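J.: A structural model of the following input is requested.
(3 chains)
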Amino acid sequence: MKNVSDRHEDFFDRVYKIVEKIPYGKVTTYGLIAEKCGIKSSARTVGWALNKAKFSNLPCHRVVNRNGELTGKLHFGQPELMELLLKSEGVMFIDGRVDLSKNLWIPRKLS
DNA sequence: TGGATGACCTACA
DNA sequence: CTGTAGGCCATCC
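T.: I've put the predicted structure just below:
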């Protein structure tokens, strides 16, 4: 069996691998990532992983909640940064939220 | 070991 | 729309 540290690396690694693959100009959701990680019942933990990864080079600004709201913007240092980055990538906003119907990217399941 | 925390989700009033 | 409530799971202390 795996050690706790191994499990933690493994879990974070899954989230990283998915977030890392989010294409330019697209966004995905915590729940979707969680689902592809096999922990669909806990999208929260995905946010936790991103919290640890916010100092990494991951495009965590492309991860929004199920409603298309930028719930994690407060963790970017500057609240407006997240929306700015997305807009600069061509992501369309509707009433302060991401237009998921046009910009949603569904990650592929990890093998 | 167990409670508290969290960048969530769903359901309901 | 807002607020409340429950659940889910990894991590922290």
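J.: where do the helices sit along chain A?
T.: A:4-20, A:30-37, A:43-53, A:79-88, A:100-103 (DSSP state H).
J.: Of those, flag the one that's most buried.
T.: Of all the helices of chain A, helix A:30-37 carries the top mean neighbour count, a mean of 21, counting by mean count of other Cβ atoms under 10 Å. Every C-beta, even on glycine, is put in place using the N, C-alpha and C of the backbone.
J.: For chain A, what lies in contact range of DNA strand B?
T.: A:29-31, A:42-48, A:50-51, A:53-54, A:60-61, A:63, A:65-67, A:71-72, A:74-76 (Cβ under 7 Å from any atom of the strand).
J.: Now narrow these to whatever sits close to DNA strand C.
T.: A:42, A:43, A:44, A:45, A:48.
J.: Kindly reformat those residues as CSV containing distance to residue A:82 and pLDDT.
T.: Shown next, in CSV, are these (distance: Cβ to Cβ, whole Å; pLDDT from 0 to 100):
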residue, distance to residue A:82, pLDDT
A:42, 23, 87
A:43, 18, 93
A:44, 19, 93
A:45, 20, 94
A:48, 18, 92
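J.: Just the closest of those to DNA strand C, please.
T.: Using Cβ to the nearest atom of the strand, residue A:42 comes nearest to DNA strand C of these, at 2.8 Å.
J.: The closest one against residue A:35, yeah?
T.: No. Judged on Cβ atoms under 8 Å, residue A:42 makes no contact with residue A:35 at a distance of 10.2 Å.
J.: List the contacts of the residue in chain A that DNA strand B sits nearest to.
T.: Residue nearest to DNA strand B within chain A: residue A:72 (2.2 Å; Cβ to the nearest atom of the strand). Applying Cβ atoms under 8 Å, 6 or more residues apart in numbering, we find residue A:72 in contact with A:47, A:50, A:60, A:63, A:64, A:82.
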